[in-house]
Structure formats: C-alpha cells, structure tokens
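Chemist: Need a 3D model of the sequence below.
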Amino acid sequence: MFLQEISKCLPGIVGSEDIKQNGKNLVVNHSQSTNSDDKVTLRQSKSKTDVSEMVRSSMIVSDKACSLSLQKFGLRDTIVKSQLVKREDSYTSLQNFRFFVGTYNVNGQSPKESLRPWLSHGIEPPDVYCVGFQELDLSKEAFFFNDTPKEEEWFKAVTDSLHPDARYAKVKLIRLVGMMLLLYVKADHALNISEVEAETVGTGIMGRMGNKGAVAIRFKFHNTSVCIVNSHLAAHMEEYERRNQDFKDICSRMQFCQLDPNLPPLTISKHDVVLWLGDLNYRLEELDVEKVKMLIEKKAFRALYKHDQLKRQMDEKAVFEGFSEGEITFQPTYKYDTGCDGWDTSEKCRAPAWCDRILWKGKNIFQLSYRSHMAVKISDHKPVSSMFDIKVKVVNEELYRKAFEEIVRSLDKMENASIPSVILSQREFSFRDVKYMQLQVKTFTIRNEQVPCQFEFINKLDEDTYCKEWLIANPRKGFLLPDSEMTIELELFVNKSTATRLNSGEEKLEDILILHLNEGKDYFLSVTGNYLPSCFGSPIQTLCYMREPIQDMSAESIRELTLLPLQMSDDIFRDEKPLDIPKELWMLVDHLYRNASHQEDLFQQPGLRSEFQQIRDCLDTGMLDTLLGSNHSVAEALLLFLESLPEPVICCHLYNDCLHCAGNYTLSSQVVSRLPTCHKNVFNYLMAFLRELLKNSEKNHLDANILASIFGGLLLRPPPRHPKPDVTEKRKAQQFIQQFLLRESNSP
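Modeler: Residues are numbered from 1 along each chain as shown. As a prediction, this is how the structure comes out:
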C-alpha cells in the first residue's frame with residue numbers, strides 16, 4: 001500500500017528541395033509527396049530548453065532571389081544590404097497576392113472525406129496556401145516519440161483538395177507531434193520564394209513536450225518577409241493565463257536562422273507579415289452551456305463575442321498585442337459530436353466556443369473572408385478559413401541595380417575614414433537574488449558613432465564560448481549604421497546544468513564579456529550576481545541530510561553536503577541519520593496523493609510558471625507547510641525536481657544494465673537493489689505513488705504506458721557523453737519502469 005510506503009519514508013506536391021532553380025521540374029498538385037530527411041536544429045532559447053526535432057523539407061532559394069541578395073557576408077556586404085533595406089521604397093512597388101489561411105483541429109481522426117469544401121470550394125485560386133492542423137494524432141506514439149502515419153494521410157488529403165484550376169508547388173511541411181503546417185504556392189510563383197526556414201516550439205509539460213506549442217514557417221515572397229505560425233495552446237476553460245503564457249513563450253523562443261551568419265536570428269515579430277492560426281483554445285466565460293446555445297440559435301454572435309476570452313485578453317493587452325482579427329460571423333467551431341453538426345452530448349457536455357482562430361499583424365493586409373465550414377464533419381471541431389489580399393513588395397530589377405550602385409559608390413568614399421567606435425550605456429551588471437529557473441534580464445544600448453560597424457561578443461582566451469552557461473547576450477552579434485543604436489539584453493537563467501555547481505559554491509555568478517568591433521577595439525563588460533541555493537539541482541543524498549530548508553543553511557554546510565561522494569559509508573555522519581527520502585520530494589508527492597489522485601491530464605498538462613516559482617520558494621525556504629498552486633503546477637514541479645537531479649534516481653552507471661534487463665522483472669529488481677540506499681528509497685516511493693494513481697485510472701485516465709513514458713526518461717538517464725537516446729532506448733527505459741508499475745509491491 002502507498003500509505004505503508006509513506007510510513008517507511010516520512011520526510012503530392014514535391015518538396016521544395018525538388019523545385020529546380022530553372023523552374024522546369026515543378027509538379028502539379030496531384031503528384032506524390034516527397035519527404036526529405038529530418039534535421040535536428042540545435043539552438044539556445046530563453047528558457048534554455050531542448051528544441052524539438054521534427055523539421056521537414058529543406059530551404060529553397062530561386063535564381064532571382066539569389067541575384068537580388070548578397071551571398072557574401074563581410075562587413076561591406078552587410079552595410080550594402082542595410083542601406084538597400086533603407087532605400088527599399090525606391091526600387092519596389094506593391095502588388096496584390098491572395099493568401100488562403102486555414103486551421104483545423106482534427107481530433108486524431110483520419111481524413112475520411114474530401115477537404116475541398118474547406119480548401120477550394122467557391123473561391124478563386126489563391127496564390128498561397130497556408131494550412132495548419134492540430135491534434136493530427138492523439139496516440140501515445142505521437143506524444144512520446146513524435147512518430148505518426150497521419151502526417152502522410154493529411155498531407156495527401158490537402159494536396160488532393162487544393163484548387164483544381166491552378167498548379168501548386170509545396171514549399172514546406174513541418175510537424176511537431178500533432179501540429180502540422182503546410183505551405184504551398186502557385187507553381188509560377190515558386191521562383192519568387194526564398195529564405196525558407198521552419199521551426200518548432202513545444203510548450204507542453206516541462207516547457208518542451210510538443211502536444212502544445214507551435215510550428216512556424218518563414219520565407220520571403222518577392223521582397224516581403226512572411227511568417228506563418230500554427231499554434232495549439234493550453235486547453236480548459238479556466239486556463240486562459242496558461243494560454244497567454246504559451247503565446248509569450250512561442251514569441252520569445254521561436255527563432256529563425258538568417259542566411260547571413262553575422263546577423264542574429266529572426267523572431268516572429270521581425271517580419272513584414274505575420275499570419276497566426278490554430279486552436280488557440282480560448283473559451284466563452286460567465287455563461288452556462290444553455291445560455292451559449294440560446295445565443296447561437298438566435299445568431300447573436302456579437303453578444304456572445306463579448307464573453308470571448310481571447311477578445312478580453314487582447315483588450316487588456318495581455319496577449320496578441322498588435323494583432324488584428326476579423327469580425328466573427330459564424331457559430332462557435334467547438335465542440336461537436338464527431339460526424340454531425342450537433343453539439344457535444346458526451347458526459348462532459350462542453351460549452352461551445354470559438355477555439356479555432358486566425359489573426360494577422362502587419363501593413364497592407366486586407367481580410368476578404370473569415371468563416372467556418374460546417375460541411376466538414378470529420379472532427380469535434382469545424383475547420384476555419386480566411387482569405388487575404390496582401391500587398392507584397394515586388395522588386396524592379398533595374399531600379400534595384402541603380403540603388404545598389406549608388407550605395408557602393410558612397411561606401412567607397414566612406415571607407416578608411418576612421419576606426420569604428422561605439423558608446424555603451426553601461427558596462428557593469430549586477431543580478432540580485434537569482435533563483436532556479438527564473439529569468440532575469442538587464443539591458444544596455446550600443447550607440448554607434450561615425451563609421452558603420454559590425455559587433456560580436458567573442459570568446460575569451462582558452463574558452464570555448466563567449467559567456468558562462470547561465471548567461472546569454474541577445475543579440476550576440478549585429479550591425480550598426482552611423483549614428484544608430486541597438487538595445488542588447490543580458491539574460492541570466494540558471495537551470496539543471498548549472499544549479500548544482502552554484503549550490504556547492506564551485507561556481508559563482510561572475511563573468512566578463514568581450515564586445516568586439518570588427519576592425520575596431522574591444523570593450524569589456526562585467527557581470528556578477530548572487531544565487532539563492534535551491535533543492536532543485538541538489539543531489540538526493542544531499543537533501544536526505546538536510547533537515548532544514550536549504551536556504552536556512554550556511555554556504556559551507558551546503559557545499560560540504562553537495563560534495564558528498566555518492567556511495568558514502570553510513571558511518572560518516574554518525575551523529576545524524578539521514579532522512580529516508582528528501583523532505584521536498586515528500587511534500588510534492590504527498591500533495592499530489594492527497595489532492596490529485598483523480599486529476600485528469602496529470603503529468604501531461606503544464607502548470608503556470610508563476611505557481612512553479614511559488615512552489616520552489618516554499619520548498620527552499622520552508623515558509624509554508626502547504627504548497628501553493630494547481631495540481632498541474634505541483635505535478636510539473638515534481639517532474640522538474642526529478643529532471644534537475646545531478647545524479648538520476650537510477651544512477652547513470654546502471655543505465656545500460658537497466659536497458660539490458662528491461663524485459664525481466666527479477667533482473668530489474670536486482671539492479672534496483674544495487675542503488676545507494678537513498679536512491680532506492682526514492683525509487684520505491686515513487687513507484688508506490690504511481691501505482692496508487694493507476695488505481696484511480698477510471699477518473700484520472702492515466703495508464704501504466706503513459707506514466708512509464710513520462711517517468712522513464714527522468715528516473716533513467718544515460719551517463720554523460722552517452723549518445724542521445726534513440727527511440728529504441730526510450731522504449732526500453734519505458735519498459736523498465738512499466739514493470740514496476742504493474743506490480744503490487746516491489747518484491748519479485
């Protein structure tokens with residue numbers, strides 16, 4: 001029994017890679033899909049989380065785009081490019097192009113019918129198609145391993161349903177778990193598409209699971225930069241703050257590499273045109289289900305819209321600031337009984353809501369239509385579409401070359417005038433009371449003087465990076481015209497990779513940044529701060545010897561306990577017996593056991609960042625006996641606690657043994673028996689708790705497979721320098737944990 005364990009432990013269309021530059025290999029929209037290899041994009045983001053991998057297809061650059069862009073990336077070329085941007089109006093004119101934007105949450109269904117009523121019926125052929133899906137696949141395979149056959153099914157369904165009166169080329173397909181975004185253009189526009197990039201951001205549990213988040217594609221169409229974002233934000237009526245947080249995370253973490261390596265990554269907002277679509281999940285509040293249905297029956301959509309959470313949050317400038325949305329003249333698109341137009345008749349009887357939305361940001365964008373498509377009955381949502389006329393900047397090549405030549409001539413006169421120099425608004429930065437996983441940002445400005453300059457933060461002598469792991473300069477490099485300035489953000493963020501050494505005092509928040517000017521001098525910036533020690537990032541054994549909250553202990557005591565050897569003898573601390581498990585772990589699990597045994601989506605739905613911070617402070621200071629925050633926030637805090645352990649619950653040196661005996665419970669139990677006492681106690685305690693959750697599976701809808709997948713990668717981690725686990729290793733880790741969840745006790 002779980003309570004006994006507690007007593008023991010108290011305290012179709014071708015891919016863009018096939019679009020030839022001469023345009024002769026374009027294929028019409030009924031041809032078979034060609035999938036390109038996956039690529040892994042590694043980059044740093046503000047939250048320092050791992051970046052998801054499923055980026056499909058590759059970049060295209062047309063002949064014309066190549067001729068109008070600078071493929072050299074020296075200082076001189078960067079100056080020319082910057083000046084060309086300033087003179088853009090002198091060599092471009094605006095031309096109208098029609099964009100179709102569509103979004104559909106398909107609820108894990110396969111395409112059982114044609115999508116033409118949504119994608120092509122009753123409209124003129126658009127120049128560009130932007131088609132987004134959510135919940136493409138609801139299976140555990142898709143959630144945990146990002147693998148699904150549904151991608152090909154829906155890609156083919158879209159391909160077959162594009163407007164029959166035009167030929168289309170696929171530019172890009174990108175998917176993250178159930179979110180997929182497809183970009184097509186008319187075949188005769190393909191050579192005017194360039195600088196195509198795609199990225200993903202997961203905002204699910206622990207800030208990175210891809211069941212929620214966004215996928216995005218950015219590109220240049222003629223001389224206009226466009227960014228298309230397809231997002232699926234947090235669910236449930238009361239979670240509007242979480243949806244707001246998801247939006248902000250997507251905006252801050254979605255970054256696209258530029259062709260010029262000297263320029264910083266592009267964010268969503270750095271585009272001329274932004275089209276944002278998806279299941280945003282905002283609901284109708286302050287109305288019961290029957291009142292909502294009555295207003296819908298009367299087609300009183302304006303009265304209903306006053307209760308729309310997205311409208312209210314936008315009015316308060318809490319989310320989608322600067323974006324526009326057209327008037328909603330169609331009934332809510334969620335929730336229907338699948339296969340018909342009737343409202344949800346399930347036990348939950350969800351209130352109708354406009355979950356599925358399309359918004360835009362930028363100039364010269366004109367919405368022509370905004371509607372739902374009731375004829376499509378595949379899902380419990382209805383698809384939504386919007387048609388836009390967008391004025392795109394088209395280059396006059398003769399005027400472009402004239403501007404180019406004038407800039408080059410003026411640059412020749414400017415060269416060798418003097419050495420670049422800048423004025424920094426600040427050179428010393430002090431961060432106070434830094435906490436685990438709580439971002440702090442300080443800013444300063446670089447003001448350029450008389451000569452165009454290129455700057456970059458460079459590595460110090462004998463160091464591999466320009467800054468410590470807990471620090472980022474954003475942007476790291478850039479370009480400044482004379483008499484211009486740029487704001488730089490210094491972002492300090494302590495996560496699992498740095499917390500342990502900061503706790504022990506082996507590392508301090510101290511760094512020197514070198515700001516280097518190309519062909520100019522170097523500037524030195526000092527960064528200091530004080531870190532408040534945390535149970536997050538502390539070893540299990542250390543916490544078992546801490547009877548007081550970590551922030552009540554002296555720095556020397558924390559250092560001594562943090563540096564204890566893992567396999568220490570029990571007689572080292574003769575005067576004080578360690579706790580069986582860390583008190584912080586006990587508080588988290590006990591809270592969930594008492595309050596969340598029946599909670600749906602436990603360990604699958606993220607909590608609020610502000611509530612995690614309260615929970616962390618409570619554990620670190622002991623100020624409160626009860627944890628604050630929702631069940632989801634406490635559950636996520638438990639996962640983050642386990643992830644932060646420098647030595648996982650099942651020690652790294654036993655990783656391969658665990659995988660080897662994953663199918664044999666007896667051998668697996670023998671491996672667990674070899675764990676240090678405190679680690680073994682924690683493992684048995686967690687398994688007992690998870691088995692207790694499974695006894696309530698009819699209400700919380702958890703199963704052993706879900707829990708083993710979530711906890712497998714946290715309790716069982718490979719040793720340092722081990723290759724990243726592949727799908728086979730992940731499945732074995734899942735299988736190892738699952739064995740213990742299906743037993744009533746840990747005895748073989």
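Chemist: all contacts plus neighbour counts: C-alpha atoms, from now on.
Modeler: Will do.
Chemist: Tell me the helix or strand right after the worst-scoring helix or strand of the chain on mean pLDDT.
Modeler: The helix or strand with the lowest mean pLDDT-type score in the chain, counting by mean pLDDT, DSSP states H and E, is helix 63-67 (a mean of 38). Moving toward the C-terminus from helix 63-67, the next helix or strand (DSSP states H and E) is helix 75-86.
Chemist: which parts of that following helix are buried?
Modeler: Buried residues in helix 75-86, counted by 16 or more other C-alpha atoms under 10 Å: 75-81, 83-84.
Chemist: Direction included, what does the very next helix or strand once past that helix pair against?
Modeler: Moving toward the C-terminus from helix 75-86, the first helix or strand encountered (DSSP H and E) is strand 92-105. Strand pairing for strand 92-105, determined by DSSP bridges: strand 128-134 (parallel), strand 384-395 (antiparallel).
Chemist: pLDDT averaged over strand 92-105 - what is it?
Modeler: Averaged over strand 92-105, pLDDT sits at 98.
Chemist: Please list the outside residues in contact with that strand.
Modeler: Contact with strand 92-105 is made by 119, 126-136, 223, 230, 277-279, 356-358, 379, 381-396, 400, as judged by C-alpha atoms under 8 Å, 6 or more residues apart in numbering.
Chemist: repeat that with 7 Å
Modeler: 126-135, 277-279, 356, 381-396 (C-alpha atoms under 7 Å, 6 or more residues apart in numbering).
Chemist: Pick out the residue nearest the middle of the protein.
Modeler: Val201 (2.3 Å; C-alpha atoms, centre = their mean).
Chemist: any idea whether it is helix, strand or coil?
Modeler: strand (DSSP: H, G, I helix; E, B strand; the rest coil).
Chemist: Hmm, it is touching Val215, no?
Modeler: Yes: using C-alpha atoms under 7 Å, Val201 is in contact with Val215, at 6.5 Å.
Chemist: Work out for me the element Cys678 sits within.
Modeler: Going by DSSP H and E, Cys678 is part of helix 677-694.
Chemist: and that helix, how far from the chain's centre?
Modeler: Its chain's C-alpha centre and that of helix 677-694 lie 30 Å apart, by C-alpha atoms, centre = their mean, to the nearest Å.
Chemist: tell me the contacts of Arg218?
Modeler: Contacts of Arg218 by C-alpha under 7 Å, 6+ apart are 196-198, 226-228.
Chemist: Put the alpha carbons of whichever strand or helix holds it into PDB.
Modeler: Assigned by DSSP H and E, Arg218 belongs to strand 213-221. C-alpha atoms of strand 213-221 as PDB (Å, rounded to 0.1, in the frame of the first residue of the first chain):
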ATOM      1  CA  GLY A 213       3.100  24.800 -28.700                       C
ATOM      2  CA  ALA A 214       3.600  26.000 -32.300                       C
ATOM      3  CA  VAL A 215       5.200  25.200 -35.600                       C
ATOM      4  CA  ALA A 216       6.100  28.000 -38.000                       C
ATOM      5  CA  ILE A 217       7.400  28.700 -41.400                       C
ATOM      6  CA  ARG A 218       9.100  32.000 -42.500                       C
ATOM      7  CA  PHE A 219      10.000  33.000 -46.100                       C
ATOM      8  CA  LYS A 220      10.500  35.900 -48.400                       C
ATOM      9  CA  PHE A 221       7.900  36.400 -51.100                       C
END
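Chemist: so what strands line up beside it?
Modeler: Going by DSSP bridges, the partners of strand 213-221 are strand 193-202 (antiparallel), strand 224-232 (antiparallel).
Chemist: Select, out of the ones you listed, the one closest to Thr728.
Modeler: strand 193-202 (22.3 Å; C-alpha to C-alpha).
Chemist: neighbours around Lys521, how many?
Modeler: 12 (other C-alpha atoms under 10 Å).
Chemist: er, Asp288 I mean
Modeler: Asp288 has 12 nearby residues by other C-alpha under 10 Å.
Chemist: So it versus Ala303, what's the distance?
Modeler: In this view, Asp288 and Ala303 are 14 Å apart by C-alpha to C-alpha, to the nearest Å.
Chemist: Then Glu698?
Modeler: Note on Glu698: its distance to Ala303, by C-alpha to C-alpha, is 39 Å.
Chemist: hmm, back to that, now list the buried members of the contacts of strand 92-105.
Modeler: Buried among those by 16+ other C-alpha under 10 Å: 126-135, 277-279, 356, 381-395.
Chemist: with the contacts of Arg218 in mind, which one is nearest to Thr666?
Modeler: Once C-alpha to C-alpha is applied, the member of the contacts of Arg218 that ends up nearest Thr666 is Ala198, at 46.7 Å.
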